[in-house]
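K.L.:
A structural model of the following input is requested.
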Amino acid sequence: MIKTPATRGFLFMWSMIDNCNHYCSIFHQVIYGRLYCFLLSRNTHLYMTNAVPTRNINVSKPAWVLESILDCRKQIAWLGWACVLLTLTGCSSTQGRSPQAQEDIPLATLAVPQQVSYQSELALAKLGQMLSSPELNPDQRAELFYERGVMFDRVGLRTMARIDFSRALRERPDFAEAYNFIGVYLTQQQNFDEAYEAFDSALELAPEYDYAYLNRGIALYYGKRPALAVQDLGEFYRRRPEDPYRVLWLYMAERNINNDHALLDLQRRYKQHGGNEWGWNIVGVVAGEQSEAAFFRQVAQDSSNNKELAERLCEAYFYLGKVYLAQGQIKRAASYFKLSMASNIYDFIEYRYAMLELNLLDPALAQSDDEEAM
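P.N.:
Next up is the predicted model:
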């Protein structure tokens, strides 16, 4: 190996500095080797990465060589600390959660979202063709408009559905079912006074129409009239107390009056009327008789097909979202409302009011929803 005077001076000074600091990082050793090989190469110019002009080491003064080496080692030290910090940051960001933290995060049970069926599209086409017939009388036309409105509602085209229900009422002003649907849409848009009038008309025309009591009770519930809501939902419950969904809606209304008494009444009704109908499992979770994790495992196991799973999850996520909302867990409640809507079961009452709940949590959603309806 041929060593020039400059190379010997460089190695001598470098060894002196190393003897003063035996605990240099591995970066110094790497740079030592690279600088040594660099100086032995044909090109003896040292290019600095911080835009320092090119200098020839062979013609530089020894003082400048020492200054350059010390400056280089200083930068290497800073580089070493930066690498350590980046390594620690990377470790902390990629480190997984603790097992306990992972257990606290519930795993969502999901179904494939429902799509518009071929049969629904054919039904809409057929109804449209039938409505074009000039031989229909007003009652027949009203019935066809109502049926097509129900079909539009089932596939999520609620604006088209509302138009058809209005047409049905124009053909037959005493159509109680059409008034009921109009009231539901007005409730979703938070036009509560108009919704009350629509449900009142439905009940005047058909006093035994159960679901007009349900929907008027829900409108009163969201319209912040809990006492009147309890009256309507209580009437709806008394007509069929073995229906778990009537129990749930009555409980939610009573909770706005007295939460403790409402929970006791819910537990009593669960023990008194609980049966094999699947909805009672939701009541059991809300009443604290069954764990949420066991409930969702049962949902996944007992559903015979994807459609059934989607329908059950649409219901379950909505009512459990209401539970978390009452507990003040806003983010989790909102997530459950979104999961309820993810099923695409448009004609389920839980789907309808999951969107309303999200609108109440985020007024921006309500504004965009109204613009789409217009």
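K.L.:
tell me how far the closest residue to residue 226 other than its chain neighbours lies from residue 173.
P.N.:
Leaving aside its sequence neighbours, residue 226 sits nearest to residue 256 (CB to CB, 6 or more residues apart in numbering; 3.9 Å). Bear in mind the C-beta positions are built from the backbone N, C-alpha and C, glycine included. Residue 256 is 35 Å from residue 173, where distance means CB to CB, to the nearest Å.
K.L.:
okay, those two: which has more neighbours?
P.N.:
Counted by other CB atoms under 10 Å, residue 256 and residue 173 do not tie: residue 256 has more neighbours, with 16 against 13.
K.L.:
so that one sits against residue 228, correct?
P.N.:
No: using CB atoms under 8 Å, residue 256 makes no contact with residue 228, being 11.2 Å away.
K.L.:
dump the helix or strand containing residue 263 to CSV, restricted to CA.
P.N.:
Assigned by DSSP states H and E, residue 263 belongs to helix 259-273. The C-alpha coordinates for helix 259-273 follow below in CSV (Å, rounded to 0.1, in the frame of the first residue of the first chain):
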residue,chain,number,x,y,z
ASN,A,259,-84.0,6.1,32.7
ASP,A,260,-83.9,3.8,35.8
HIS,A,261,-87.6,3.0,35.7
ALA,A,262,-87.5,2.4,31.9
LEU,A,263,-84.7,-0.2,32.4
LEU,A,264,-86.6,-2.0,35.1
ASP,A,265,-89.7,-2.1,32.9
LEU,A,266,-87.7,-3.4,30.0
GLN,A,267,-86.2,-6.2,32.1
ARG,A,268,-89.7,-7.1,33.4
ARG,A,269,-91.2,-7.2,29.9
TYR,A,270,-88.2,-9.3,28.7
LYS,A,271,-88.8,-11.9,31.4
GLN,A,272,-92.6,-11.8,30.9
HIS,A,273,-92.9,-11.9,27.1
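K.L.:
ok, and for that helix, which residues are buried?
P.N.:
Judged by neighbour count using 16 or more other CB atoms under 10 Å, the buried positions of helix 259-273 are 262-263, 265-267, 269-270, 273.
K.L.:
what's the first helix or strand after that helix?
P.N.:
Helix 259-273 is succeeded, C-terminally, by helix 279-286 (DSSP H and E).
K.L.:
average pLDDT for that next one?
P.N.:
For helix 279-286, mean pLDDT is 95.
K.L.:
what's it packed up against?
P.N.:
Using 3 or more CB pairs under 8 Å, 6 or more residues apart in numbering; DSSP states H and E as the contact test, the elements touching helix 279-286 are helix 244-255, helix 259-273, helix 292-302, helix 306-326.
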